[in-house]
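Asker: Next come a sequence and a model predicted from it.
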Number of protein chains: 2
Amino acid sequence: MFIAEIISVGTELLLGEITDTNAVFLANELKARGVVLHHKNTVGDNLQRVADTIRKALERSDLVILGGGLGPTDDDLTREGIALVLGETPEVNQDLLNHLESMYTSKGRTMPQSNTKQAWLIPSAISLDNPIGTAPGWMVQKDGKIIVAMPGPPQEMKRMWKEQVLPRLDLPERALYHVTLHTSGIGESNIADLLGDLTLQNSPSVATYARKHGVDVRVAHMADSLEEARQGAAATEAIVREKLAKFIYGQDSDTLESVALKKLQERKETLAVFEAFTAGALAQKLGRHPRVKGVLSSGDHGIQVDLGLTPRTLSEEGEDSVNAAIELARGIQDRLGATYGLATVGNLETHECHVALVTDTEHKTATLNWVGTPDQLIERTSNAALMLLYRTLKGEAQ
Amino acid sequence: MFIAEIISVGTELLLGEITDTNAVFLANELKARGVVLHHKNTVGDNLQRVADTIRKALERSDLVILGGGLGPTDDDLTREGIALVLGETPEVNQDLLNHLESMYTSKGRTMPQSNTKQAWLIPSAISLDNPIGTAPGWMVQKDGKIIVAMPGPPQEMKRMWKEQVLPRLDLPERALYHVTLHTSGIGESNIADLLGDLTLQNSPSVATYARKHGVDVRVAHMADSLEEARQGAAATEAIVREKLAKFIYGQDSDTLESVALKKLQERKETLAVFEAFTAGALAQKLGRHPRVKGVLSSGDHGIQVDLGLTPRTLSEEGEDSVNAAIELARGIQDRLGATYGLATVGNLETHECHVALVTDTEHKTATLNWVGTPDQLIERTSNAALMLLYRTLKGEAQ
């Protein structure tokens, strides 16, 4: 197994001012090539701590990728850190210096003295071209380990990674197959109970992640080729799909709204929505689709009664009752002339929320009752509405 | 010096699927309290590696903050990692278990067996309440070191940090005064030009941040007490407020919608909104307020004409013209019986978007024309609509 580790260098990353998108990019790049990443580290501009972090990384990983700390100033310490750990002394490389100076003279400027250190190399390092910045990278191969140092600006790093680093890395031919299955209407621990020992096996691996939109289940397997990896994962994936069939609505880039709208399109039907509770959550997810006639958000009783909420339901059962949801769904379906009417009602204090879906002839409802913040209740209620819509359009019994 | 270190636990963070916003939040929180952060680490769901990372962090830091890995499943290993490093054995805490079980039974459900480990404690740990999730946190004080473990979902983590962790941390007494002023309708480089050398000074510091809702300007100053810090920042803050007076609409937790709705409430007036373009963006921000009669999102021409868009405007000027915005604003104002009607129209290809605000007697419009992604255009158009509303309600000339 080929193990990589990322070290992001820069005090600004520890001050919360910058989100480290480079590390996310590299993690994806490594994953796509079957390289395993065990650790990501962020360390400030301090020589001793940079060196310690590199030393620890070399103990446990085959490939150490450093980002940042290659600028010209005294607090750019990545080169010094690598040299210290390897016991080598940086020297100015004349070719690099000439190149750097020519970058400045071609613009009619003089290279500041401080940039000289960007022309440093140690004996075991080669330099990596940076056509869009002044900081060349370093690549070191020593004692069976590889160290790569790239500049911090994302454009420079990404280009160097693709043009200079990847072609020089003799990456193992292992490939990772992975699929993320999206579920709705079931909690993480109930999924764990259904999956049993599956989540304990190492490869293919099965892992669950609680997301805002529901629980994701990720099946992954590594092999010598993508096809082999896919085949190796197939049996496990099939079991997971079967056990969770009732709750899975899509995979990878699918969303609840994308699968529901796709069904609506296939059936050439239309939808109208009334959000008494979720105020815009469904409008954002559905409102731009040509098969959605309209989404109305309102908590105003006059408007609601005008639309079809009966004064009897309002006074005897309340604006947040199941019947209110049904009447509002019916009202908006009728007013906007759609095949389906969908409505949400809810109460932030009792935490009880209802969704209703109506056609000309029938209605279905779902009820949620789970403590949470207002944002969580709105998220869950809009997800329940979308799931009710999707399952109905798919032709499933509720 | 009090040194902290952050450890984010979760294989998903190493696969590049998630950006670790928790660590950015914590870095900011620590900085605001003068706590120094030397290292941030990310480690996958592997007991040995989690334990190694905790061990190393305890060697070099006073406060070790773990995020994630507190779920109910076998790949949630933060508790196990802490216990292993400290040589202690987790045991089920009966109070925690009763509380967890009651969360389920109060909803008529049975707690899955796997959740039991969320009721674990080790002898040196106290548990940290999590009112919005099933994973309590841990706080350990041992051998002069502090370990805090919090759940991964950002809402749960942030609330636990503020309500449970901060009050228990005896943080050093330097105090930071800071205020964030929100602007709309001006770009970051124009603000930089107006502020001149102010952004170069170290303390009080003045920094600009381009956000989705507009450019924020943050004035901050650190001193021995909050009152001293506030006084030290006062002169700088006054200059910033004066230079940007035309563009500042609020500060800190204010939003464009909160200041606009506050004005609407004060004036005891009502609003109706039609989103032909922004589909739910304004419904989310305004739709739950009692003075908002309703927000309708629709791209359906039949619905729009029924509401008041004239066939002449539709055929000769188009659904995304200024006049369409005015007619839709007038239509929704009239249909829902509100003091003001507000509407958005726009075209993703020409990037031209219009907002219109009408009363019984007059109308105002604003036009945006700026290249961007669909999400950016929607965000900017909804902000322009809110700014038009706010400035009108405030009684300013457009």
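Answerer: It's in. Fair warning: this is a prediction, and the values are worked out from it, not measured in the lab.
Asker: And A:Arg168, how close does it get to A:Leu63?
Answerer: Noted for A:Arg168: a distance of 11 Å to A:Leu63, by CB to CB, to the nearest Å. (C-beta placed from N, C-alpha, C; glycine too.)
Asker: which of those two has more neighbours?
Answerer: A:Leu63 (21 against 12; other CB atoms under 10 Å in any protein chain shown).
Asker: And the pLDDT for the spatially closest residue to the more buried one that is not a sequence neighbour?
Answerer: For A:Leu63, ignoring the flanking residues on the chain, the nearest one in space by CB to CB, 6 or more residues apart in numbering or on different chains is A:Ala4 at 4.2 Å. Looking at A:Ala4, its pLDDT reads 96.
Asker: And the contacts of the host helix or strand of A:Ala4?
Answerer: Per DSSP states H and E, A:Ala4 falls inside strand A:3-9. Contact with strand A:3-9 is made by A:20, A:22-23, A:26-27, A:30, A:35-45, A:50, A:53-54, A:57, A:60-69, A:77-78, A:81, A:152, as judged by CB atoms under 8 Å, 6 or more residues apart in numbering or on different chains.
Asker: Can you list which of those are found in helices?
Answerer: Within these, residues falling in helices by DSSP state H are A:Asn22, A:Ala23, A:Leu26, A:Ala27, A:Leu30, A:Val50, A:Thr53, A:Ile54, A:Ala57, A:Arg60, A:Thr78, A:Gly81.
Asker: Of those residues - the most surrounded one?
Answerer: A:Thr78 (29 neighbours).
Asker: check contacts around it.
Answerer: A:Val9, A:Val50, A:Leu66, A:Gly68, A:Gly69, A:Leu70, A:Ala149.
Asker: what about A:Ile122, neighbour count?
Answerer: 18.
Asker: Same question for A:Arg330.
Answerer: 21.
Asker: so where is the stretch 151-300 of chain A shaky, pLDDT-wise?
Answerer: Flagging of the stretch 151-300 of chain A using pLDDT under 70 yields the residue ranges A:172-173.
Asker: and the closest residue to chain B within the stretch 51-200 of chain A, how far is that from A:Thr381?
Answerer: Chain B sits closest to A:Ser189 of the stretch 51-200 of chain A, with a gap of 4.0 Å, by CB to the nearest CB. Using CB to CB, A:Ser189 is found at 21 Å from A:Thr381.
Asker: just to revisit the earlier point, may I ask which two of the contacts of A:Thr78 are separated the most?
Answerer: Farthest apart among the contacts of A:Thr78 by CB to CB are A:Val50 and A:Leu70. That separation is 11.8 Å.
Asker: buried sites along stretch A:355-368?
Answerer: Going by neighbour count (16 or more other CB atoms under 10 Å in any protein chain shown), the buried part of stretch A:355-368 is A:Val355, A:Ala356, A:Leu357, A:Val358, A:Thr359, A:His363, A:Lys364, A:Thr365, A:Ala366, A:Leu368.
Asker: The residues you listed also near chain B: which ones?
Answerer: Restricting the buried residues of stretch A:355-368 to those touching chain B (CB under 8 Å from any CB of the partner chain) yields no residues.
Asker: Select from these every entry located in strands.
Answerer: Using DSSP state E, A:Val355, A:Ala356, A:Leu357, A:Val358, A:His363, A:Lys364, A:Thr365, A:Ala366, A:Leu368 are the members of the buried residues of stretch A:355-368 that sit in strands.
Asker: thinking again about what came up before, just flag the most distant two among the buried residues of stretch A:355-368.
Answerer: Spatial extent of those (CB to CB) is set by the pair A:Thr359 and A:Leu368 at 22.1 Å.
Asker: So for stretch A:191-199, what gets flagged as buried?
Answerer: For stretch A:191-199, burial by neighbour count (16+ other CB under 10 Å) applies to A:Ile191, A:Ala192, A:Asp193, A:Leu194, A:Leu195, A:Leu198, A:Thr199.
Asker: again with stretch A:338-351
Answerer: A:Ala338, A:Thr339, A:Tyr340, A:Gly341, A:Leu342, A:Ala343, A:Thr344, A:Val345, A:Gly346, A:His351.
Asker: Quick check, pLDDT for the residue lying farthest from the centre of chain A.
Answerer: Ranked by distance from the centre of chain A (CA atoms, centre = their mean), the top residue is A:Arg312, with 46.8 Å. With respect to pLDDT, A:Arg312 has a value of 97.
Asker: try A:Val358
Answerer: The predicted local confidence for A:Val358 is 98.
Asker: Break chain A down into its structural domains.
Answerer: Listed domain ranges for chain A are A:3-168, A:175-251, A:256-394 (source: the TED database).
Asker: which stretch among those domains comes nearest B:Thr255?
Answerer: Per CB to CB, nearest to B:Thr255 of the domains of chain A: domain A:256-394, 14.2 Å.
Asker: Figure out how far the closest one is from the centre of its chain.
Answerer: Centroid displacement of domain A:256-394 relative to its chain, using CA atoms, centre = their mean, to the nearest Å, is 28 Å.
Asker: now do the same end-to-end measure for stretch A:127-139.
Answerer: End-to-end distance of stretch A:127-139 (CA to CA, to the nearest Å): 6 Å.
Asker: thinking again about what came up before, what's the most distant pair in the buried residues of stretch A:338-351?
Answerer: A:Thr339 and A:His351 (31.4 Å).
Asker: So what's the residue count around A:Pro136?
Answerer: 24.
Asker: which residues touch A:Ile147?
Answerer: A:Ile54, A:Leu58, A:Val64, A:Leu66, A:Ile82, A:Trp138, A:Met139, A:Val140.
Asker: now the helices for the stretch 101-250 of chain A?
Answerer: A:154-160, A:188-195, A:226-243 (DSSP state H, counting those that start in this stretch).
Asker: out of those helices, deepest packed?
Answerer: helix A:188-195 (a mean of 21; mean count of other CB atoms under 10 Å in any protein chain shown).
Asker: Residues touching that one, excluding its own?
Answerer: So helix A:188-195 is contacted by A:183, A:199, A:206, A:208-210, A:215, A:217, A:240, A:243-244, A:247, B:71-74, B:111-115, B:134 (CB under 8 Å, 6+ apart).
Asker: cutoff 6 Å now
Answerer: With CB atoms under 6 Å, 6 or more residues apart in numbering or on different chains as the test, helix A:188-195 has contacts from A:Thr208, A:Ala210, A:Val215, A:Lys243, B:Pro72, B:Thr73, B:Pro112, B:Ser114, B:Asn115.
Asker: Check stretch A:201-209 too.
Answerer: A:188, A:191, A:198-199, A:215-221, A:233, A:236, B:12, B:73, B:75.
Asker: The same query, at a cut-off of 7 Å, please.
Answerer: A:188, A:191-192, A:195, A:198-199, A:215-222, A:232-233, A:236, A:240, B:11-12, B:73, B:75 (CB atoms under 7 Å, 6 or more residues apart in numbering or on different chains).
Asker: that older thread, out of the domains of chain A, indicate the one that is most buried.
Answerer: Sorting the domains of chain A by mean neighbours (by mean count of other CB under 10 Å), the first place falls to domain A:256-394, with a mean of 21.
Asker: how long is it end to end?
Answerer: For domain A:256-394, the end-to-end distance is 12 Å (CA to CA).
Asker: And for stretch A:57-65?
Answerer: End residues of stretch A:57-65 are separated by 10 Å (CA to CA).
Asker: go on, stretch A:109-124?
Answerer: So stretch A:109-124: terminal residues 32 Å apart, CA to CA.
Asker: same question, stretch A:325-345
Answerer: Stretch A:325-345 end-to-end distance (CA to CA) = 6 Å.
Asker: Using PDB, write out every CA atom in the longest helix that chain A contains.
Answerer: Ranked by residue count under DSSP H, the longest helix found in chain A is helix A:374-393. The C-alpha trace of helix A:374-393 is given here as PDB (Å, rounded to 0.1, in the frame of the first residue of the first chain):
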ATOM      1  CA  PRO A 374     -35.800  25.600  13.400                       C
ATOM      2  CA  ASP A 375     -33.300  25.100  10.500                       C
ATOM      3  CA  GLN A 376     -33.200  21.400  11.200                       C
ATOM      4  CA  LEU A 377     -37.000  21.100  11.300                       C
ATOM      5  CA  ILE A 378     -37.300  23.000   8.100                       C
ATOM      6  CA  GLU A 379     -34.600  20.900   6.400                       C
ATOM      7  CA  ARG A 380     -36.200  17.600   7.600                       C
ATOM      8  CA  THR A 381     -39.700  18.700   6.600                       C
ATOM      9  CA  SER A 382     -38.800  19.700   3.100                       C
ATOM     10  CA  ASN A 383     -36.900  16.500   2.700                       C
ATOM     11  CA  ALA A 384     -39.900  14.500   3.900                       C
ATOM     12  CA  ALA A 385     -42.100  16.400   1.400                       C
ATOM     13  CA  LEU A 386     -39.600  15.600  -1.500                       C
ATOM     14  CA  MET A 387     -39.500  12.000  -0.400                       C
ATOM     15  CA  LEU A 388     -43.300  11.700  -0.400                       C
ATOM     16  CA  LEU A 389     -43.400  13.300  -3.800                       C
ATOM     17  CA  TYR A 390     -40.600  11.000  -5.200                       C
ATOM     18  CA  ARG A 391     -42.100   7.800  -3.800                       C
ATOM     19  CA  THR A 392     -45.500   8.700  -5.200                       C
ATOM     20  CA  LEU A 393     -44.200   9.500  -8.600                       C
END
